[in-house]
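>>> sequence plus the predicted model coming up.
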Amino acid sequence: MASSHLLQSPNFSSNLKLPSKPNTLKATPRFLSIKAAAAAASSSNTPANTASKGNNIRDEARRQYLTNPPQNQNFSAKYVPFNTDPVTNTESYSLDEIVYRSQSGGLLDVQHDMSALKAFPGSYWRALFDSRVGKTTWPYGSGVWSKKEWVLPEISSDDIVSAFEGNSNLFWAERFGKQFLDMNDLWVKHCGISHTGSFKDLGMTVLVSQVNRLRKMNKPVFGVGCASTGDTSAALSAYCASAGIPSIVFLPANKISIAQLVQPIANGAFVLSIDTDFDGCMQLIREVTSELPIYLANSLNSLRLEGQKTAAIEILQQFDWEVPDWVIVPGGNLGNIYAFYKGFNMCKELGLVDKIPRLVCAQAANANPLYLYYKSGWDEFKAVKANSTFASAIQIGDPVSIDRAVYALKQSNGIVEEATEEELMDATAQADSTGMFICPHTGVALTALMKLRKSGVIGPTDRTVVVSTAHGLKFTQSKIDYHSNNIKEMACRFANPPVSVKADFGSVMDVLKKYLSKTPK
Ligand SMILES: Cc1ncc(COP(=O)(O)O)c(C=O)c1O
Ligand SMILES: N[C@@H](CCOP(=O)(O)O)C(=O)O
């Protein structure tokens, strides 16, 4: 592409000129003015401006699009079979087709036209993405849609269903790092501080937006369905409710938390509580979605991972495009570990950074098919019967994205670790005692970190990011059980139960004096 081309985003009122030398990693002085232009352009759509024009942000985006249509935006994406040679296998599908599997029954992947994206240097993309953070411009106020060109480049902003998800806190876990791990550069990416309380929002905004588009195109999509351990169903039902699209969720009876169960109920989903486990629900939803006009929303559908990969890009952005040494992700159905790899790898391929972090996937020992496969030297994969775990959202024995996970780990020189119930609950309590309030799945990831620190694989100064996947408030019962010392065969070493005390001054004083005498000054 010639360097004189202009890239004009729908919501940007001024053109962003390409640097004269595309594909260079160095930011040129000229480029800095591009950044300023981008910032100025996006700030012209502030709510105050929008309101004064008598529009809402969606109307304003539409108006911008009509008066200033995008030019030379040749970005596109399609489905291709996952990890096959494009020379010998030319199979591909439009994203507007309803397809979840390749002809041979394998996984699909969303493939972007990388040559069109590569026409712009990494410095361009860094500045463009940075310019969109912290704004309410539709749809770029979302951490996912601020990377729209890399997610679903062809969807109209008008079809997007978004809760301005993403842009989640990257928390410096200073005290936890220093106190328990002798680390000074430990970070927790709080993906669970999100609209429905988990990272699933990142993928679901993409999937439901595409469904919205398909329905407008009169494609046969009556509603959207998923099997779930509680978080996918919460995200699906919220995004569908927001767009007025029916959602159907299959939940394993008595295996998800009350907080998770109530989410789809409140959002008006059709909820089936099925007497099986997650793997059984997954099997059923796959059969049902191949018979009925119900679109599959689990991460078998590769659209979801396009949204989830933006968390990786966001981490780089939050470190001002410096690459951390390690990223640790709890794994269940195993879509997310691949999504992280894909996000990091796209940034490398497109010149935003020059390497990717090493990835660690952490599993509960009670549901550890990936760990066993890794320990066998990737010899033979065997699904397992997942046993009950406090990390209930990853109680999965037959993960649909196993091939994606193995690919991500091999490409990133990755590691798989596991956590017993006691280890994950202790790690959760320790993290909470330093001011976090994490879910048990994050406890699994922290356990993996503790083990890798102990063995010296992760060093004291390694910059490490632990991905926190859900909000701790969804899992209060496990915390209540732990802090009440009410878990069979678990010492609950860090339990902090409340003290019952009589309602008189003397009793309260006695208890407080005892407490103060024991507390380190
Ligand atoms: C809270 C939470 N953490 C981690 C995971 C694991 O993600 P994945 O299934 O993509 O491996 C899930 C869902 O499976 C989840 O709900
Ligand atoms: N933890 C998930 C399990 C399903 O994963 P998905 O990413 O394939 O939808 C959930 O919350 O349901």
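Arrived safely. Ligands and ions are numbered 1, 2, ... in the order given.

>>> host element of residue 478?
Per DSSP states H and E, residue 478 falls inside helix 476-483.

>>> and whichever strand or helix holds residue 127, how far out from the chain middle?
Residue 127 is located in helix 122-131, with elements delineated by DSSP H and E. Centroid separation for helix 122-131 versus its chain: 21 Å, with CA atoms, centre = their mean, to the nearest Å.

>>> which other helices and strands does that helix contact?
Using 3 or more CB pairs under 8 Å, 6 or more residues apart in numbering; DSSP states H and E, the elements in contact with helix 122-131 are helix 29-43, helix 310-318. Placement of C-beta: from N, CA and C, glycine included.

>>> residue ranges for the strands of the stretch 101-250 of the chain, please.
Counting by DSSP state E, counting those that start in this stretch, one finds strands in the stretch 101-250 of the chain at the ranges 108-112, 170-172, 186-190, 223-227, 247-252.

>>> what's the closest of these to residue 309?
Distance to residue 309, taken as CB to CB, is lowest for strand 108-112 among the strands of the stretch 101-250 of the chain, at 9.4 Å.

>>> pick out the shakiest of the helices and strands packed on helix 122-131, pLDDT-wise.
When those are ranked by mean pLDDT, helix 29-43 comes last with a mean of 38.

>>> any idea how far residue 451 is from residue 444?
For residue 451, the distance to residue 444 equals 11 Å [CB to CB, to the nearest Å].

>>> spatially, what comes nearest to residue 414 if we skip its sequence neighbours?
Residue nearest to residue 414 in three dimensions, not counting chain neighbours: residue 359, with 4.1 Å by CB to CB, 6 or more residues apart in numbering.

>>> quick one: the one you found is in a strand?
Yes. Counting by DSSP: H, G, I helix; E, B strand; the rest coil, residue 359 falls inside a strand.

>>> give me the beta-bridge partners of it?
residue 327 (DSSP bridges).

>>> circling back to that earlier point, beyond the helix holding residue 478, next helix or strand please.
Criterion used, DSSP H and E; the element after helix 476-483 is helix 505-518.

>>> now do that next one, average pLDDT.
Computed over helix 505-518, the average pLDDT equals 96.

>>> buried set for the helix or strand hosting residue 264?
Following DSSP H and E, one finds residue 264 within helix 258-266. Neighbour-count burial for helix 258-266 flags 259-261, 263-264 (criterion: 16 or more other CB atoms under 10 Å).

>>> go on, stretch 248-259?
Buried residues in stretch 248-259, defined by neighbour count with 16+ other CB under 10 Å: 248-252, 255-257, 259.

>>> next one: stretch 138-148
Under the neighbour-count rule (16+ other CB under 10 Å), stretch 138-148 has 138-148 buried.

>>> buried stuff in stretch 65-79?
By 16+ other CB under 10 Å, the buried positions in stretch 65-79 come out as 65, 68, 70, 73, 75, 77-79.

>>> show me how far that stretch is from its chain's centre.
With CA atoms, centre = their mean, you get 26 Å for stretch 65-79.

>>> same thing with stretch 334-341?
8 Å.

>>> what lies in contact with it?
Contact with stretch 334-341 is made by 199, 203, 299-300, 304-305, 308-309, 311-312, 327, 329, 331, 356, 359, 361, 370, 399-402, 404-405, 407-409, 411-412, 414, 467, 469, as judged by CB atoms under 8 Å, 6 or more residues apart in numbering.

>>> can you report how many residues lie near the nearest residue to residue 247 once chain neighbours are set aside?
Nearest non-adjacent residue to residue 247, counting by CB to CB, 6+ apart: residue 240, 3.8 Å away. Using other CB atoms under 10 Å, residue 240 has 28 other residues around it.
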